[in-house]
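1. fold the following for me, if possible:
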Amino acid sequence: MNDPKYSQRQSAAIHQQLIGGVIERSLVGENWSGIPGFGFEVRMPTGELKTVFVLSDPEGNGAGCLEINGEIS
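-> Residues are numbered from 1 along each chain as shown. Alright, predicted model coming up:
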């Protein structure tokens, strides 16, 4: 999807919902709609545990791609 406004909304959602949390583990399984995929669990400072799945689109039509940048030591 090549939509700058969509990207801005997604970035804002990450900031509002996940900043301050700690990734506890990676996941492989089914998302909320039963489609196989991957993601991770985030423990928030409040103790709440959030599950994040990487999807190909907002409808959850399959696993997406997660690009991670940075140096690996």
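
2. shaky segments in the chain?
-> 1, 72-73 (pLDDT under 70).

3. from the centroid of it, which residue is nearest?
-> Geometric centre of the chain, nearest residue: Val52, 4.1 Å, by C-alpha atoms, centre = their mean.

4. so what touches stretch 11-18?
-> Contact with stretch 11-18 is made by Val42, Met44, Lys50, Val52, as judged by C-beta atoms under 8 Å, 6 or more residues apart in numbering. Yep, even glycine has a C-beta here, placed from its N, CA and C like the rest.

5. got the contact list for the first one?
-> This points to Val42. Leu18, Gly21, Val22, Ile23, Glu24, Leu49, Lys50, Thr51, Val52.

6. try it again with 7 Å
-> Leu18, Gly21, Val22, Ile23, Glu24, Lys50, Val52 (C-beta atoms under 7 Å, 6 or more residues apart in numbering).

7. what pairs with it across the strands?
-> Beta-bridge partners recorded for Val42 (DSSP bridges): Ile23, Lys50.

8. could you work out the most separated pair of the contacts of stretch 11-18?
-> Within the contacts of stretch 11-18, two members stand farthest from each other by C-beta to C-beta: Met44 and Val52, at 11.7 Å.
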